[in-house]
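> Sequence and predicted structure below; questions after.
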Amino acid sequence: MKHSLTSILRYGGLAVAVLALSVGGGFVGAGLAGSNESVTIGAGSAPAQPASVSPTPASMNVSTDSENVSRAFQDQFRTVAAATLPVVVEINTVSTVTREVPTNPFSFFFGQPGQKGPQEQQYQQRGLGSGVMVARDRDTVYVLTNNHVAGEADEIEVVLSDGRKYTGSLVGTDDLMDLALVSFQTQDDIPIAQLGDSSSLEIGDWVFAVGNPLGFQSSVTAGIVSAKERSVTPQSGISGITSYIQTDAAINQGNSGGALVNLEGQVVGINTWIASRSGGSDGIGFAIPINMAQRAITDFIERGEVAYSWLGVMTGDPSDALRTDLGAPDSGGAFVYGVYDNSPAAEGGIQPGDVVLQIGDTEIQNGGDLVRSIATLPPGDEVAVRVLRNGAQTELTIKTSVRDSQAGADTQQLWPGLAVQPLTDQIRSQLDLSRRTDGVVVASVTDGTPAQGSGIRRGDVVTTVNGTTIESAQDFYRALAGMDSREVQFRVLRDGNTVILGFVRPR
C-alpha cells in the first residue's frame, strides 16, 4: 500500500483478499420517524441500564468526589456500549473487480497474433465494513452503511453482534453523500437504533465510534467532537456535498458505516473516513451527520436513490480584489461565475456576478455552503435567496428542481462560460500593461462553452462588451445583464494587440 508524503485521506472500509476472521459488529442509533407510515425508522427504545452494570456497593465508601465522577462516567460508558453494540452490524461483501494481467516481457515478441494491448481478468474481492440497523418494515430490516462499503457489492452478508447472519440486498446507493442502504429479511426480534440530533452536538462533547476496525468485532472507542461542519478540498477525492463531524475517537479501516454515538446512546453520525499519514488512526476521523443521513434513508426506501435539488450555477469564493470591486463583505458569500440557461437559477433571476449571501435561513459562507444548502432542500421547494448585485442586496425566490446525473454536464448551456478578475497592479505587471489600461482579465474559460469556442483565452484583457467600456468586474457583469440580444462581442487586449471576439449566448 502506497502512502503519499502528505496527509492521506482514506475511507474506513476494509478490503481484504482473504477474510480469515468471522466477526460481528454492533452500533447505537437515534430515532427518526419516516414519511412512509408502514416503515418505522430509528424507533429503537432509549438505552436502559444494562444488567451487567451493578451499582457501587455502599460498603465501598468512595472517598473522594473525583472517584464518584469517574465511576459515574464508567457506568454511563458501559450503558452506552451495551445499548449500542446490538444495533451495529458487520457487513461482509464480495465484489467483482477487473484488473490488468501482469505482462510477460516475452509476449511482446512471441504474443498471440492479433492480440492488442494488456489483458484483463476478473477477480473476486472480499470487503469488510460496518452498518447500523435504522428501520424495519414488517419482515424487512434496513441497515445504513457507506456507499464505498456496499455500493459495488455482488454479495452482502449482514452479521449481528450476537452472531446471527443474514443475506443482504442493496436497496439504494448514493456516491455524493457516500451512503447506501442494505436490507435483509427476518421474522426474528431485531433491535433498531435510535437516531439523535447531530445539530445539537457541541465541540468537546463525548462521542463513541462503534464498528469493526481491522476486523476486530464490536469495538468501541471514545473521544470528543473535535470540530463541526468540516468540509474537504476538491482535490481530496471525498464528496464535498457533506459537511462532516470531526472526532478524535479512534476510527480505522473497517469502521466505515459504523455509528458515532453520543452519551445518550443515540447515533449522531455515520463514520466514513479518516485523515492519516500512516493509513491508521491518527485521531482525526470524520462522520456524516445523522441529520443529513435521515432524508437519505427515506429516499432510499421510497425511490431507491437520494433526490437532490439543483440550482444551476457555477460558484466559488471571490478573491479579495473581486470582493472590493463588487462591494462585497470582506468574508462570506458565494460568487456566481456562471448560470446554466433554463436552470432554476436562471428562471429565478440569479445572474453571473451575483454574490449569494443567504439561502432560506442559512447564511452562506463560501461556495461549498451554497452547494450543500441547495442539495439538502427537497426538490421542487421554493426558497428565498438573498444576493449582492451591483453593491446592493436583492431578494429572489427560487424553485429548485431535481438534480439528475446530467445536471451541469452540458457546458454549452453555461453563461457566460468564463470568469474574470479586476486588473490589479500585480496583474498589470505580470501582463506588462500600462497603468492607464482599464478592463478585466480573463481568469478562466470553461471547456465546451461557446466562450471557449470563440477563442477567448485565459489572460486576455476585456476592454469592452458590446461597445460598453469596461473598467471593473462590476461593469463587466452589468454589461452582460443589460444585453438586448443573444450576441455578445468582446474587444480584448492580447499581447499588445486588440482582438474582436464574439459568440451567441445559449438559449
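Received, thanks. Numbers count the residues shown, from 1 in each chain.
> quick one: low-confidence parts of the protein?
1-38, 40, 43, 45-63, 101-118, 233-237, 239, 405-409 (pLDDT under 70).
> Report the secondary structure state of R428.
Following DSSP: H, G, I helix; E, B strand; the rest coil, R428 is assigned to helix.
> Name all residues that make contact with it.
When contacts are counted by Cβ atoms under 8 Å, 6 or more residues apart in numbering, R428 touches S434, R435, T437. From N, CA and C alone the C-beta is placed, and that goes for glycine too.
> How about the second one: what's its closest non-neighbour residue?
It stands for R435. Once flanking residues are discounted, R435 sits nearest to R428: 6.5 Å by Cβ to Cβ, 6 or more residues apart in numbering.
> Just send the contacts of R428 back as TSV, with distance to E487, neighbour count and secondary structure too.
Converted to TSV, those look like this (distance: Cβ to Cβ, whole Å; neighbours: other Cβ atoms under 10 Å; DSSP: H, G, I helix; E, B strand; the rest coil):
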residue	distance to E487	neighbour count	secondary structure
S434	30	7	coil
R435	32	9	coil
T437	26	13	coil
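> Save the residues you listed as CSV, and put in distance to W273 too.
Below are the contacts of R428 laid out as CSV (distance: Cβ to Cβ, whole Å):
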residue, distance to W273
S434, 51
R435, 49
T437, 48
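> if we take those, which one ends up nearest to L311?
Proximity of the contacts of R428 to L311 (Cβ to Cβ) peaks at T437, which lies at 35.7 Å.
> can you pull the contacts of that closest one?
Contacts of T437 by Cβ under 8 Å, 6+ apart are L423, R428, V461, T463, L493.
> Filter those down to the ones in helices?
R428 (DSSP state H).
> Helices along the protein, start to end?
Using DSSP H, helices in the chain cover 65-84, 107-110, 147-150, 290-303, 320-326, 344-348, 367-375, 425-430, 450-453, 473-481.
> Most widely separated two among the contacts of T437?
It's R428 and T463 that sit farthest apart of those, by Cβ to Cβ, at 13.4 Å.
> buried residues in the longest strand anywhere in the chain?
Longest strand of the chain, by residue count under DSSP state E: strand 120-137. Of all the residues in strand 120-137, those buried under the rule 16 or more other Cβ atoms under 10 Å are Q125, R126, G127, L128, G129, S130, G131, V132, M133, V134, A135, R136.
> Export those residues to JSON lines and append columns for distance to S200.
Output for the buried residues of strand 120-137, formatted as JSON lines (distance: Cβ to Cβ, whole Å):
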{"residue": "Q125", "distance to S200": "39"}
{"residue": "R126", "distance to S200": "38"}
{"residue": "G127", "distance to S200": "33"}
{"residue": "L128", "distance to S200": "32"}
{"residue": "G129", "distance to S200": "27"}
{"residue": "S130", "distance to S200": "24"}
{"residue": "G131", "distance to S200": "24"}
{"residue": "V132", "distance to S200": "19"}
{"residue": "M133", "distance to S200": "23"}
{"residue": "V134", "distance to S200": "19"}
{"residue": "A135", "distance to S200": "22"}
{"residue": "R136", "distance to S200": "25"}
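> Which of these sits closest to I301?
A135 (7.1 Å).
> Can you name the residues bridging to that closest one?
Beta-bridge partners recorded for A135 (DSSP bridges): I41, Y142.
> In this model G44 seems to touch it, though I could be wrong.
No: counting by Cβ atoms under 8 Å, A135 stays clear of G44, with 10.0 Å between them.
> any residues in contact with both of these two?
I192.
> could you list every residue that touches P378?
A307, S309.
> picking that back up, now distance to Q246 too, for the helices of the chain, in JSON lines please.
Below are the helices of the chain laid out as JSON lines (distance: least, Cβ to Cβ, whole Å):
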{"stretch": "helix 65-84", "distance to Q246": "20"}
{"stretch": "helix 107-110", "distance to Q246": "50"}
{"stretch": "helix 147-150", "distance to Q246": "19"}
{"stretch": "helix 290-303", "distance to Q246": "15"}
{"stretch": "helix 320-326", "distance to Q246": "28"}
{"stretch": "helix 344-348", "distance to Q246": "32"}
{"stretch": "helix 367-375", "distance to Q246": "15"}
{"stretch": "helix 425-430", "distance to Q246": "36"}
{"stretch": "helix 450-453", "distance to Q246": "39"}
{"stretch": "helix 473-481", "distance to Q246": "36"}
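> Could you work out which of those reaches nearest to Q217?
helix 65-84 (13.2 Å).
> now the angle between strand 120-137 and the closest one, please.
Note on geometry: by axes from the mean of the first three to the mean of the last three Cα atoms, to 10 degrees, helix 65-84 and strand 120-137 are set 110 degrees apart in direction.
> buried set for helix 65-84?
D75, Q76, F77, T79, V80, A81, A82, A83, T84.
> Arrange these in a markdown table, one row each, with distance to S454 as further columns.
Output for the buried residues of helix 65-84, formatted as a markdown table (distance: Cβ to Cβ, whole Å):
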| residue | distance to S454 |
| --- | --- |
| D75 | 71 |
| Q76 | 66 |
| F77 | 65 |
| T79 | 67 |
| V80 | 62 |
| A81 | 64 |
| A82 | 67 |
| A83 | 64 |
| T84 | 60 |
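> of those, closest to G269?
T84 (12.8 Å).
> Roughly how far does that closest one sit from E363?
35 Å (Cβ to Cβ, to the nearest Å).
> which of the buried residues of strand 120-137 lies closest to F216?
Out of those, the member with the shortest distance to F216 (by Cβ to Cβ) is L128, at 10.4 Å.
> quick one: that closest one and N212 touch, right?
Yes: at 6.4 Å, L128 and N212 qualify as touching, with contact defined as Cβ under 8 Å.
> Q351 - nearest residue in space that isn't next to it in sequence?
Per Cβ to Cβ, 6+ apart, closest to Q351 is A481, 5.1 Å.
> now do D320
D330 (7.9 Å).
> do you know how far the one you found is from D178?
From D330 to D178 the distance is 34 Å (Cβ to Cβ).
> who has more neighbours, those two?
Each of D330 and D178 has its neighbours counted (other Cβ atoms under 10 Å); D178 has more, 25 against 7.
> show me the contacts for that one.
N146, N147, H148, I238, S239, T242, T272, I288.
> so which of the residues you listed is the most crowded?
For the contacts of D178, neighbours tallied by other Cβ under 10 Å; top is T272, 31 neighbours.
> Surely that residue is in contact with P289?
No: between T272 and P289 there is no contact under Cβ under 8 Å: 10.6 Å.
> Quick check: neighbours shared by these two?
Y244.
> Next one: the closest residue in space to G333 that isn't next to it in sequence from D495, what distance?
In this structure, G333 finds its nearest non-sequential neighbour in V355, 4.3 Å apart by Cβ to Cβ, 6+ apart. Using Cβ to Cβ, V355 is found at 32 Å from D495.
> which of those two has more neighbours?
V355 (23 against 9).
> And that one, how far from G163?
57 Å.
> Also G360?
47 Å.
> What is the burial count for I297?
The number of residues near I297, taken as other Cβ under 10 Å, comes to 25.
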